[in-house]
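# With the sequence up front, the predicted model follows.
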Amino acid sequence: MRDITVLSGGMGGARFLRGLLHGIEHRLLPGVAADARVTVVANTADDLWIHGLKVCPDLDTVMYTLGDGIDPGRGWGRRDETWSTKDELAAYGVEPTWFGLGDRDLATHLVRTQMLDAGYPLSQVTEALCRRWLTPTFGDRVRLLPMTDDRVETHIAVPDADSPSGRRVVHFQEYWVRLRAAVPAEAVVVVGLDDATPGPGVVDAITDADLVVLPPSNPVVSVGTILGVPRVREALTATAAPVVGLSPIVGGSHVRGMAEQLLTSIGVEVSAAAVGLHYGARADGGILDGWLVDEVDADTVDRVLAGGLTCRAVPLMMTDLDATAAMAAAAVELVAR
């Protein structure tokens with residue numbers, strides 16, 4: 001295998017990618033070439049405009065993580081960050097105060113916004129930013145592609161007793177950052193998704209791949225939104241490459257994030273087996289050939305097999321690079337032909 005495509009959200013996808021690249025570098029992945037190329041198709045439905053700046057959380061998390069600039073404690077934002085601008089904006093009473101931009105991170109958003117204002121599409125802007133973060137280490141062996149150049153934004157309907165409808169709709173970032181996903185998500189509304197077109201190179205990255213991986217990212221608002229871009233799901237069903245996924249649900253709950261709340265909002269059981277079956281087997285009109293669950297969910301393997309997917313139970317906790325590379329190796333082995 002020389003060409004691997006990964007459909008990624010933010011923190012979970014980025015951490016998996018580090019392990020995948022570690023495995024490639026150290027020849028830990030059976031049948032994968034030492035000079036294998038990895039294309040990352042990243043979710044952009046979490047993006048938002050704030051203080052006049054375009055912020056792309058998942059693109060930036062992948063970029064900073066692979067470029068060794070991420071804050072390792074938070075899993076997002078820049079290492080050694082300072083917050084003077086955030087504090088100054090708060091002193092002026094500028095809203096929103098619940099979403100803070102660090103001083104170092106701010107430079108990325110300024111460059112992105114200037115380029116967008118000059119007429120460059122998000123894909124070209126991302127390519128330019130990656131010349132700093134990815135090219136020095138990986139050359140042309142790692143590409144980061146936005147799922148679309150079009151504006152797509154995820155909103156969450158939450159209960160609101162003061163609203164005539166009994167609910168209100170907030171941007172996904174407000175649900176996650178301000179509300180901390182502590183209130184029920186009644187519905188997920190992805191504005192602009194139906195009219196979006198895949199970003200340059202996205203469909204080809206899937207159809208021309210030797211392997212496509214769905215990492216343990218949120219199946220509703222990360223991988224799910226990528227799949228919702230017209231032509232992406234069709235590319236997954238048509239590609240000659242095997243498609244394998246790794247469960248973000250371990251022991252009946254998400255490892256990190258809010259997948260539990262959002263799966264409930266779309267009527268999917270919160271379990272490793274149910275998420276795999278939600279994606280579905282390609283033989284039955286779904287998108288997967290294989291599905292990995294954690295060892296604690298070994299009793300669900302037969303249920304997944306009955307749904308037409310190849311399945312194994314392996315350790316899925318990304319405790320370090322070697323453990324994550326072992327997950328990637330298990331994914332490769334599961335669907336090896």
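Happy to help now that I have it. Numbers count the residues shown, from 1 in each chain.
# Now tell me what touches the helix or strand of the chain with the lowest mean pLDDT from outside.
Using mean pLDDT, DSSP states H and E, the weakest-scoring helix or strand in the chain turns out to be strand 253-254, at a mean of 88. Identification of contacts with strand 253-254 by CB atoms under 8 Å, 6 or more residues apart in numbering yields 218, 248, 260, 270. C-beta: built from backbone N, CA, C; applies to glycine.
# By neighbours, which of those residues wins?
Of the contacts of strand 253-254, residue 248 is surrounded by the most neighbours, 28 neighbours in total, counting by other CB atoms under 10 Å.
# Can you tell me the closest non-neighbouring residue to it?
In space, and not counting its chain neighbours, residue 248 is closest to residue 216: 4.0 Å by CB to CB, 6 or more residues apart in numbering.
# My read is that the one you found contacts residue 19, right?
No: contact criterion CB atoms under 8 Å: residue 216 and residue 19 do not qualify, at 10.8 Å.
# okay, and the common contacts of those two?
A shared contact of residue 216 and residue 19, defined by CB under 8 Å, 6+ apart, is any residue touching both; here these are residue 318.
# These two: which is more packed in?
More neighbours sit around residue 216 than around the other of residue 216 and residue 19, counting by other CB under 10 Å; the figures are 32 against 22.
# re the thing from before, format the contacts of strand 253-254 as a markdown table; extra columns: secondary structure, distance to residue 149 and pLDDT.
Conversion of the contacts of strand 253-254 to a markdown table gives the following (DSSP: H, G, I helix; E, B strand; the rest coil; distance: CB to CB, whole Å; pLDDT from 0 to 100):
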| residue | secondary structure | distance to residue 149 | pLDDT |
| --- | --- | --- | --- |
| 218 | coil | 22 | 95 |
| 248 | coil | 27 | 96 |
| 260 | helix | 32 | 90 |
| 270 | coil | 33 | 96 |
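# Residue 295: which of those is nearest?
Among those, residue 248 lies closest to residue 295 (CB to CB), at 15.3 Å.
# shouldn't the closest one be in contact with residue 262?
No: at 10.8 Å, residue 248 and residue 262 do not qualify as touching, with contact defined as CB under 8 Å.
# got any residues that touch both of these two?
A shared contact of residue 248 and residue 262, defined by CB under 8 Å, 6+ apart, is any residue touching both; here these are residue 218.
# Now residue 185: closest residue in space, sequence neighbours ignored.
Counting by CB to CB, 6+ apart, residue 265 is the residue found nearest to residue 185 once chain neighbours are left out, at 4.1 Å.
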